[in-house]
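> Build me a structure from this.
(one chain, ligands or ions: 2)
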Amino acid sequence: MGLELHYADGQTPIDEDEKLGLLISTISTKSELDEFEQLNIEGAIQWLKGKKFKGSEVFSESFVCMIHRRMYGSVWSWASKFRSTNKNIGVDKFQVSQSLRMLCNDAHYWVEHEVYSPEEIAIRFKHRLVSIHCFPNGNGRHSRLMADVIIENFFGQMHFSWGSQNLISQDDARRAYIDAVRKADRGNLSPLFQFSRS
Ligand SMILES: Nc1ncnc2c1ncn2[C@@H]1O[C@H](COP(=O)(O)OP(=O)(O)O)[C@@H](O)[C@H]1O
Ligand SMILES: [Mg+2]
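Numbering: from 1, shown residues only. Ligands and ions are numbered 1, 2, ... in the order given. The predicted structure follows:
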């Protein structure tokens, strides 16, 4: 019995090979998968609580991958590992590591030199990160949690509300989110700023 998944608009399909990385054999539907992933993600959020990190730690491949592992490592064997196939979103699979390194260098500089406002730094980082699409899946939620880490850790501000929804099911909040992400692709970050605090 395989894992049957149906996707909402803007979700990255999980390849058949990647499905073999499912660590919990009792999961057979998308809603069960969503629930287990959500539990895992809550563990990552708990782990982050009260911790403080330096810029050189956060803006590194090892931190970005470690957060993905903490979010999905109980559910997927490929958590924290860069994808080895190309997807409908993202850079070429061979460009992932270098693109992430460039993004980390840029963002570290933005924080150190206050190049943009705190929110702009967090949202710019989030959008470039999800546009690289480092991992086989979970990139959207991972990019949002990374933005939350940035705004809390470096600027002491409240984490983002992201439409006050989990953004997994195809509803109005998810449509607004995907619409904002696509506008950000075209260089207009304002809708994503607004959405992040809605
Ligand atoms: N056109 C786009 N440009 C940049 N990011 C996008 C685009 N379309 C979708 N995304 C992001 O990719 C995510 C889907 O990737 P995926 O790896 O499945 O993450 P998740 O499983 O957390 O939803 C969406 O939630 C959204 O954040
Ligand atoms: Mg997904």
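> so where's this structure uncertain?
In the predicted model, the chain carries pLDDT under 70 at residues 1.
> Get me the contact residues on it for ligand 2.
11, 137 (C-beta under 5 Å from the ion). In short, each C-beta sits where N, CA and C put it, glycine included.
> And the residue of the chain closest to ligand 1?
Closest approach of the chain to ligand 1 (C-beta to the nearest ligand atom) occurs at residue 140, with a separation of 2.5 Å.
> Which residue, neighbours along the chain excluded, lies closest to that residue?
Distances taken as C-beta to C-beta, 6 or more residues apart in numbering place residue 130 nearest to residue 140, at 5.9 Å, with adjacent residues excluded.
> mind pulling up the phi and psi values for the one you found?
When read as degrees, to the nearest 10, the backbone of residue 130 gives phi -70, psi -20.
> pretty sure it contacts residue 138?
No. The pair residue 130 and residue 138 does not pass the contact test of C-beta atoms under 8 Å, sitting 10.5 Å apart.
> sorry, back to before: how many neighbouring residues does the residue nearest to residue 140 have?
By other C-beta atoms under 10 Å, the residues close to residue 130 number 22.
> Please name the residues that touch it.
Residue 130 is in contact with 89, 139-140, 142-143, 181, counting by C-beta atoms under 8 Å, 6 or more residues apart in numbering.
> Highest neighbour count among those residues?
With neighbours taken as other C-beta under 10 Å, the top of the contacts of residue 130 is residue 142, carrying 26 neighbours.
> Output the helix or strand encompassing that one as CSV - backbone C-alpha positions only.
Using DSSP states H and E, residue 142 sits in helix 139-155. Output of helix 139-155 as CSV, limited to C-alpha atoms (Å, rounded to 0.1, in the frame of the first residue of the first chain):
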residue,chain,number,x,y,z
ASN,A,139,10.6,24.0,2.0
GLY,A,140,7.7,26.4,2.5
ARG,A,141,7.2,25.7,6.2
HIS,A,142,11.0,25.6,6.7
SER,A,143,11.4,29.0,5.0
ARG,A,144,8.7,30.5,7.2
LEU,A,145,10.2,29.1,10.4
MET,A,146,13.6,30.5,9.3
ALA,A,147,12.1,33.9,8.9
ASP,A,148,10.6,33.6,12.4
VAL,A,149,14.1,32.6,13.8
ILE,A,150,15.6,35.7,12.1
ILE,A,151,13.0,38.2,13.4
GLU,A,152,13.1,36.8,16.9
ASN,A,153,16.8,36.0,17.3
PHE,A,154,18.3,39.1,15.8
PHE,A,155,15.7,41.7,16.4
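> start at 762 instead
In the new count, where the first residue is 762, that last one comes out as helix 900-916.
> Within range of ligand 1, give me the residues from this protein.
Proximity of the chain to ligand 1, by C-beta under 6 Å from any ligand atom, involves residues 771-773, 850, 891-892, 898-902, 939, 942-943, 946.
> wait, doesn't residue 854 sit right on residue 860?
No. Proximity of residue 854 to residue 860 does not meet the contact threshold set by C-beta under 8 Å, at 10.8 Å.
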